[in-house]
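> no sequence on this one, just coordinates:
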């Protein structure tokens with residue numbers, strides 16, 4: 001398999017056609033397996049022929065850029081990340097929160113809740129409307145972080 005760690009110069013090894021075809025074949029095989037698709041069904045979803053799917057799977061041809069985009073479109077952002085990895089990149093949805101550390105937002109929300117439930121707080125153990133209203137931005141950030149973690153978990157990715 002193609003080297004994906006930085007070279008002595010700090011750059012990744014230049015991708016080769018063979019490495020590209022191998023990664024494309026791996027993605028096609030994974031999609032077929034995970035979604036129980038035939039070559040024809042996958043081709044229909046990607047806008048290409050079943051012969052193209054077979055040729056890619058057997059490393060006899062390259063996937064064209066439109067088909068690559070259709071893979072991410074059909075199966076979600078990041079599906080072609082194993083291919084992008086050859087250049088040291090990955091796909092992130094437009095508008096995505098790229099906060100890879102959810103802990104600060106979650107910690108801030110727990111801290112806000114604890115303060116609002118403290119005996120010395122305006123509502124005591126019960127949060128007042130004002131306390132909740134003040135917490136909204138912190139709680140929204142925590143929700144975004146949790147959703148990011150859930151998305152990663154559902155795609156079987158590490159966080």
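Perfect, thanks for sending it. Just so we're clear, the structure is a prediction, and the values are computed from it rather than from any experiment.
> so for the longest helix seen in the chain, mean pLDDT?
Ordering each helix of the chain by length in residues (DSSP state H) puts helix 129-154 first. The average pLDDT within helix 129-154 is 87.
> can you check stretch 36-52 too?
Averaged across stretch 36-52, the pLDDT comes to 98.
> that one: which residues count as buried?
Going by neighbour count (16 or more other Cβ atoms under 10 Å), the buried part of stretch 36-52 is 37, 39, 42-43, 45-46, 48, 52. In short, each C-beta sits where N, CA and C put it, glycine included.
> assign residue 59 to helix, strand or coil.
Classification of residue 59 using DSSP: H, G, I helix; E, B strand; the rest coil returns coil.
> relative to residue 20, how far out is it?
Residue 59 is 9 Å from residue 20, where distance means Cβ to Cβ, to the nearest Å.
> can you check residue 42 too?
Noted for residue 42: a distance of 19 Å to residue 20, by Cβ to Cβ.
> among residue 59 and residue 20, which residue is more densely surrounded?
Taking residue 59 and residue 20 together and counting by other Cβ atoms under 10 Å, residue 20 has the greater number of neighbours (17 against 14).
> just the element for the residue of the chain positioned farthest from its centre, please.
What lies farthest from the middle of the chain is residue 120; by Cα atoms, centre = their mean that is 42.8 Å. Of the helices and strands defined by DSSP states H and E, none includes residue 120.
> okay, now residue 35: neighbour count?
12.
> also residue 108?
Applying other Cβ under 10 Å, I find that residue 108 has 17 neighbouring residues.
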